[in-house]
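>>> my questions are about this predicted structure, shown below with the sequence.
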Amino acid sequence: NTIYLKDYTPAPYQASHISLKFALFEDKTIVRSEVTYLKAADASSTRLVLNGQDQAIISVELDGKPFDGYLLEEGRLIIDQPGDSFTLTITTEIHPETNTALEGLYKSQGTFCTQCEAEGFRRITYFQDRPDVLSVFSVRIEADKARYPVLLSNGNLVASGEVEAGRHFTEWHDPFPKPCYLFALVAGDLVRIADRFATQSGRDVDLHIYVRKGDEGQCDHAMASLKKAMKWDEEKYGREYALDLFNIVAVSDFNMGAMENTSLNIFNTKLVLAHQETATDSDFISVEAVIAHEYFHNWTGNRVTCRDWFQLSLKEGLTVFRDQEFSADMNSRAVQRIDDVDQLRRLQFPEDASPLAHSVQPDHFIEISNFYTMTIYEKGSELIRMQHTLLGAQQYRQATDLYFDRYDGHAVTINDFVQCMADASGRDMSQFFRWYKQAGTPSLQASGRYNAEAKQYTLTFKQSQPDTPGQKDKQPLLIPVAVGLLNEAGEETHATQVLEMTEREQSFTFNDVAARPVPSILRGFSAPVKLSSDLSDDDLRLLQLRDTDGFNKWEAGQTIALRTIQRLIADPASDTTQFVDDFGVLIAQGTHDNVDKALLARALSLPSIAVIAQAQEVVDPAAIDHARGSLLKAIKRAHKDTLAKLYEHHHSAGAFSISPAAMGRRALRNTLLELLTVTNGTGCAARGKAHYDQADNMTDRVAALSSLADSQQPQRDEVFADFYERFKGYQLVVDKWFSLQAIANRDSIFADFASLRQHPEFNIRNPNRVRALYSAFAVNNPVKFHDASGQGYALLRDAIIELNAINPQIASRQVTPFREWKRYTPVLQAHMQQALQAIMDTPKLSRDVFEVVSKCLAP
Ligand code: ARG
Ligand code: ZN
């Protein structure tokens, strides 16, 4: 059942126009599709193969006459030699009301909605469900008027009216030919928030956000973000919106974050709704980023789309890069980069080191849903970023202009995109393209030599690529390494240069270096590699205090912390005095008003267990947690008074704001709270409760709950109970309530987990709730998930088996915490292998889960 990139052939028939008619009922939906087909000039076959799934055929007509000359197979309807041009009309019955996979047409809390990417359209009607078939869509939706006053599809509203029996209809026309994965339909009883945007050429666009009644007060931030994104895309990429209407609909049941359907983006409520009382600062940031991401897809994904699903990163890597840069421009560039790299390291590096490693342009898959990964998205974005670095901003912009000019209205490949980079810059990008084909995180080793006589400094780099499943003996990559030099006084003597490394081993010499310098290597994280260097702790300390590159300043501190924790893991009695003293110097910076508080908050955070684990030969989460915890406690012991003073000093000043400065202040204060409450004693609990009681926003409340999560003190239950009572009407906040308990590293966690699982508000059919309980536990509670008893694994195993029958996409996602099982201690390995085997032995295993689990278990 494996599909290969090398087997790609163009679609034999183009479907220039599709007219869809939906009649929505409570117990069924009737779909009539009328498609004009035209044999493609380059057709290599005269077989029309339509994909279709979970639908009953009511009638088929060819050019208006009943037709039965088709072959019906599992998932396909085939017509041999249907002619060169013809119209096929197919009427089917589908059941959105019982669709729990949340793919195709389904219902979310009474609202009909769709998710067609990647292959959901085949659950709606029989069609060539592939992205290189572009059609103009006309859609008619008919439904009960009282239940579903709002009826939406892509493009422009062209007609609406009443029909018999209390029903009504709308008709939509989308003038831009699009692949069927961008089709969308919504029918529900929703409220609308309206605004407008005037494009640079003077077109007025209506902007509408639709949400459930009661949620309309939480949409301002999403609307403001949309307008900022529209403006930014005009300024930075010269991309303007060309339709009269842009709709966003928020639904509560959604497998992913959001979907860029042309002019009708459908969102998980989590990425639309934001209000200070119910959303944290990081929720606000995510809403802004994802609203922008989906909007940016209008050009990178929709106007120029993918030829096939192996090209997924063509739109996703590029669009992530665009949204990251947008966020950097809207907020703080250094903070954005730190958070993006931290995410890449926590989530993508482990994927690349696991049996699920795959290249950014994969060459085979079983189920494409499994390839909406951190590698396709985030590593894909890093590859675009490197091209931006290599070409420079100006040539990069010429290259993207060329890309849009050349391919507007086409379905293309990643190779086509990179060719535009080559054509616009005159560079040969063939070596660079290896990044797209070779999986695994490269290692980069740096060492420096100073020649006092010649006043020269030479940096020597060695790169190596790890073997990954199906890939060995890889070629060297073109790695852009941004480097600057500091002197021993911490002054920058050599500004950033981008060294282009092309060999396995290569040296670069700097001239006019007066004394032994301290190099700042891989500034801004200029390539997604694992860097190791011969810098001493003293060199790193200098960079931490003086580097002009915000990212490397933070990075130097993290490297020192990592080294210190590694020494503690090896020898719990190792001396940490120097580290703890230096930490005091950092804390003291918080007293200066002009210091960037958001950056300081990140500098005062130790590397996460997930990041430390990557540096371990054999992963032992309990040992990491122990060492990390003892370092945190030593910090608290040494600096309790300064921490407490600084904590008081950053007490809220005035009205709530989500300005970067206000967010930075909250981030710093909440980091201080975390440090002050690491010991979980009575004083900590009192402080956590006071923090909660003073909070006027969700960021501070969540910080209070998280500081109390592990505690056994009575305040913990009081605060969690109050939080539930206060916010029980808000589903997204109840999700937080589940998560904050699931991450508790305390002895009663398994009993706590069992009662959360039994809680009336837990619903395994709702992906947000599943993530709130299970992903929070398996990803953010590594110590208890990896409990030596294997109980943690059993919880996840049972959920995956249950979800397999309900929602295969969500089931398959939940396997990822097991993927690196071979890197853990023998006891943990054995338990994880057993859990994976039990999943593998489940009857009626979905393709999604099968693909992931079989790869994990492969020898
Ligand atoms: N294209 C969407 C986005 O990144 C994600 C859709 C994923 N859908 C899925 N079934 N995996 O914005
Ligand atoms: Zn996307």
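On my side now, so go ahead. Numbers count the residues shown, from 1 in each chain. Ligands and ions are numbered 1, 2, ... in the order given.
>>> what about the nearest residue to L444 once chain neighbours are set aside, distance to D339?
Excluding its sequence neighbours, the residue lying closest to L444 (CB to CB, 6 or more residues apart in numbering) is V529, at 4.3 Å. In this view, the C-beta of every residue, glycine as well, is placed from N, C-alpha and C. To D339, V529 is 19 Å away according to CB to CB, to the nearest Å.
>>> out of the two, which sits in the more crowded spot?
The residue with more neighbours, out of V529 and D339, is V529; 23 against 18, by other CB atoms under 10 Å.
>>> that one reaches S443, doesn't it?
Yes: in this structure V529 lies within contact range of S443 using CB atoms under 8 Å: 6.6 Å.
>>> who touches both of these two?
Q463 (CB atoms under 8 Å, 6 or more residues apart in numbering).
>>> quick one, grab the pLDDT at D593.
pLDDT for D593: 86.
>>> quick check: it is in a strand.
No: under the criterion used here (DSSP: H, G, I helix; E, B strand; the rest coil), D593 is coil, not part of a strand.
>>> give me phi/psi at L606?
Note on L606: backbone dihedrals following degrees, to the nearest 10 are phi -70, psi 150.
>>> check the burial of the closest residue to it other than its chain neighbours by counting its neighbours.
The spatially closest residue to L606, leaving aside those adjacent along the chain, is A561, at 5.1 Å (CB to CB, 6+ apart). The tally of other residues near A561 (other CB under 10 Å) stands at 23.
>>> the residue of the stretch 701-850 of the chain found nearest ligand 1: which element?
When scored by CB to the nearest ligand atom, the stretch 701-850 of the chain has Q809 as its residue closest to ligand 1, at 6.0 Å. If you go by DSSP states H and E, Q809 is part of helix 808-813.
>>> what residues does that helix touch?
Contacts of helix 808-813 (CB under 8 Å, 6+ apart): 101-103, 255, 367, 369-370, 767, 770, 775, 800, 803-804, 846-849, 851-852.
>>> number of residues surrounding V191?
Other residues close to V191 by other CB under 10 Å number 14.
>>> give me every residue in this protein lying close to ligand 1.
115, 117-118, 255-256, 258-260, 293-294, 316, 369, 372, 809 (CB under 6 Å from any ligand atom).
>>> restricted to helices, list those.
Counted as lying in helices by DSSP state H, out of the residues of the chain next to ligand 1, are 293-294, 316, 809.
>>> looking at the residues you listed, state which has the most neighbours.
Busiest of these [other CB under 10 Å] is H293, holding 27 neighbours.
>>> hang on, the earlier thing: using TSV, lay out the ones in helices among the residues of the chain next to ligand 1 together with pLDDT and distance to I266.
Formatted as TSV, those follow (pLDDT from 0 to 100; distance: CB to CB, whole Å):
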residue	pLDDT	distance to I266
H293	99	13
E294	99	9
E316	99	17
Q809	98	15
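>>> just give me the closest of those residues to T591.
Nearest to T591 among those, counting by CB to CB, is H293 at 37.9 Å.
>>> contacting residues for the closest residue to the closest one other than its chain neighbours?
Of all residues not flanking H293 in the chain, D323 sits nearest, at 4.1 Å (CB to CB, 6+ apart). Contacts of D323 were listed using CB under 8 Å, 6+ apart, and they are 289-290, 292-293, 296.
>>> any idea how far D323 lies from ligand 2?
8 Å (CB to the ion, to the nearest Å).
>>> again with K784
33 Å.
>>> again, but for T577
In terms of CB to the ion, T577 sits 48 Å off from ligand 2.
>>> cool, and L207?
20 Å.
>>> does that residue sit in a helix, a strand or a coil?
Look at L207: counting by three-state DSSP, its state is strand.
>>> which one in this protein is furthest away from the centre?
Distance from the centre of the chain peaks at E453, with 50.8 Å (CA atoms, centre = their mean).
>>> next one, pLDDT for that one please.
98.
>>> how would you label it: helix, strand or coil?
Criterion first, three-state DSSP; result for E453: coil.
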